[in-house]
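A.B. asks: How does the following fold in three dimensions:
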Amino acid sequence: MWLKFHRVFPMKVILLLSLFSFSCLLSGQNLIGFKDFEIRRFMKENKGDMNINKVNNYSFNYLKYTDNSDSQTLLFFLTTDSVCRSIRIICDSIVKTEKVKEYNSLYKKKGENIWVDTRNGKDYLIEIRDEQWCSVITIEPFK
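C.D. replies: Just a heads-up that it's a prediction; the model follows:
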């Protein structure tokens, strides 16, 4: 019995750690570098409470998602090749509080309302700015 458990246990631990790291990526929504179809698939599979909105904007190429309660809007800004180059989240104070807790647990804090996400050897800056009626979260490559 011990021998069976001992052989299976490491595989289960590896699988659980892999799933945990993948879920961390999913939580933070840092999809920079993803193509538009990958973002659409990700959102459909992992963020079913978010609805894609049709956007007609000739100045910017982006995907826009809103949640059912209108407390959060996600904008994925795309290059001309339809690759995500930055993300903007516009949210109310309740969502902001949740995001701060999430970012504190996932990323390295760099300052007040500023974090750094390191993924695949690249750094991404996450910053929250408070506006009069909402908070604006920007995720972009660290410059």
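A.B. asks: any chance you could map the helices in this structure?
C.D. replies: Counting by DSSP state H, the segments of the chain that form helices are 2-28, 36-46, 93-106.
A.B. asks: tell me what the second one is packed against?
C.D. replies: The criterion is 3 or more CB pairs under 8 Å, 6 or more residues apart in numbering; DSSP states H and E, and the helices and strands that helix 36-46 contacts are strand 50-53, strand 62-67, strand 72-78. C-beta: built from backbone N, CA, C; applies to glycine.
A.B. asks: Could you write out the alpha-carbon coordinates of the second one in PDB?
C.D. replies: Presented in PDB, the C-alpha positions along strand 62-67 are these (Å, rounded to 0.1, in the frame of the first residue of the first chain):
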ATOM      1  CA  TYR A  62      -9.600  45.900 -29.300                       C
ATOM      2  CA  LEU A  63     -11.900  43.400 -27.800                       C
ATOM      3  CA  LYS A  64     -14.400  44.600 -25.100                       C
ATOM      4  CA  TYR A  65     -16.000  42.500 -22.500                       C
ATOM      5  CA  THR A  66     -18.400  43.500 -19.700                       C
ATOM      6  CA  ASP A  67     -19.900  41.500 -16.900                       C
END
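A.B. asks: Distance of the spatially most central residue of the chain relative to Asn56?
C.D. replies: The centroid of the chain falls nearest to Gln29 when counting by CA atoms, centre = their mean (1.0 Å). When distance is defined by CB to CB, to the nearest Å, Gln29 is 24 Å away from Asn56.
A.B. asks: Glu140 now?
C.D. replies: 24 Å.
A.B. asks: okay, these two: which has more neighbours?
C.D. replies: Glu140 (16 against 4; other CB atoms under 10 Å).
A.B. asks: check contacts around the more buried one.
C.D. replies: Taking CB atoms under 8 Å, 6 or more residues apart in numbering, we find Glu140 in contact with 32, 85-87, 124-125.
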